[in-house]
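Chemist: model the structure of this input:
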Amino acid sequence: MSAPVELVSLVKQPFELLREIERRSITAHSGEGGAAMQAEWVGIGFRIGDEQFLASREQVREVLMLPDSMTRVPGARRWLLGIANLRGHLLPLVDLKLLLGSGRTALRRTTRVISVNHREIPAGLVVDEVQGFRRFTDHEFSQTQPETAVRCERYLAGEYRRGDVSWPIFDLFGFIESNLFLQAADE
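Modeler: Now for the predicted structure:
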């Protein structure tokens, strides 16, 4: 194997520079030579009340602003805020914090709707804030079920921990498939 080429030495040879970058990319992708690439988990960070959570990127269709108008559903529980027409699709909007028994979500400028990417159950979960993508490596994962103030432990799928900061993983599919979620009719 030849000695590694310094990229700086190829600045005046653009074709050779591109060839070396391609060679390094192929080597890194195949896992040969150098440090092994660590698996990465990507989730969407969001906040319910004062607590932060993660949702798997695969379980989130999109993040939306709270729509200007929604239609109330007669006979529905208080946590079902209504139905909104978003780009021609009807989406039930659910106050996640209220459904979990921790009070109503204050509707502010930072309030967002997480549209769940489920094939059969359309749902828009209203949360206090979406904090964007969060990336973690496998060694930061733990199976432990952290205690939460919003009482959602049964919907957690472990946590990622970075330093002293815990990011519980909220299983959106498990949540919207649960009897708690599916019983939207007021008694």
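
Chemist: quick one, what contacts the residue nearest the centre of the chain?
Modeler: Most central in the chain under C-alpha atoms, centre = their mean is Ile44, positioned 2.4 Å from the mean C-alpha point. Residues near Ile44 by C-beta atoms under 8 Å, 6 or more residues apart in numbering: Leu54, Ala55, Ser56, Arg57, Val60, Val63, Ile114, Val130, Gln131, Gly132, Phe133, Arg134. Using the backbone N, CA and C atoms, a C-beta is placed for each residue, glycine as well.

Chemist: was I right about the last one contacting Ile169?
Modeler: Just to be clear, that refers to Arg134. No - using C-beta atoms under 8 Å, Arg134 makes no contact with Ile169, being 10.4 Å away.

Chemist: comparing the two, which residue is more hemmed in?
Modeler: Ile169 (23 against 18; other C-beta atoms under 10 Å).

Chemist: any idea of the pLDDT on the more buried one?
Modeler: Model confidence at Ile169, given as pLDDT, is 96.

Chemist: how many residues are close by the residue nearest to it when sequence neighbours are not counted?
Modeler: The shortest distance from Ile169 to any non-neighbouring residue, by C-beta to C-beta, 6 or more residues apart in numbering, is to Ala157 (4.5 Å). Ala157 has 17 neighbours, counted by other C-beta under 10 Å.

Chemist: neighbour-wise, which of the contacts of Ile44 leads?
Modeler: Comparing the contacts of Ile44 on neighbour count, Ala55 comes out first with 26 neighbours (neighbours: other C-beta under 10 Å).

Chemist: helices or strands next to the strand or helix carrying it in the packing?
Modeler: Using DSSP states H and E, Ala55 sits within strand 51-56. For strand 51-56, the contact count by 3 or more C-beta pairs under 8 Å, 6 or more residues apart in numbering; DSSP states H and E identifies strand 40-48, strand 165-170 as packing neighbours.

Chemist: circling back to that earlier point, surely the residue nearest to Ile169 forms part of a strand?
Modeler: Yes - judged by DSSP: H, G, I helix; E, B strand; the rest coil, Ala157 forms part of a strand.

Chemist: partners of the residue nearest to the centre of the chain in the sheet?
Modeler: Ala55, Phe133 (DSSP bridges).

Chemist: alpha carbons of the lengthiest helix in the chain, as CSV, please.
Modeler: Counting residues, the longest helix found in the chain (DSSP state H) is helix 14-30. Backbone C-alpha positions of helix 14-30 (Å, rounded to 0.1, in the frame of the first residue of the first chain) are rendered in CSV as follows:
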residue,chain,number,x,y,z
PRO,A,14,-7.4,19.3,-9.7
PHE,A,15,-7.9,16.0,-11.5
GLU,A,16,-5.5,14.2,-9.2
LEU,A,17,-7.0,15.9,-6.2
LEU,A,18,-10.5,14.7,-7.1
ARG,A,19,-9.1,11.2,-7.8
GLU,A,20,-7.5,11.1,-4.3
ILE,A,21,-10.7,12.3,-2.6
GLU,A,22,-12.7,9.6,-4.4
ARG,A,23,-10.2,6.9,-3.3
ARG,A,24,-10.4,8.1,0.3
SER,A,25,-14.2,8.1,0.1
ILE,A,26,-14.4,4.6,-1.2
THR,A,27,-11.9,3.4,1.4
ALA,A,28,-13.9,5.0,4.2
HIS,A,29,-17.2,3.7,2.9
SER,A,30,-15.9,0.1,2.7
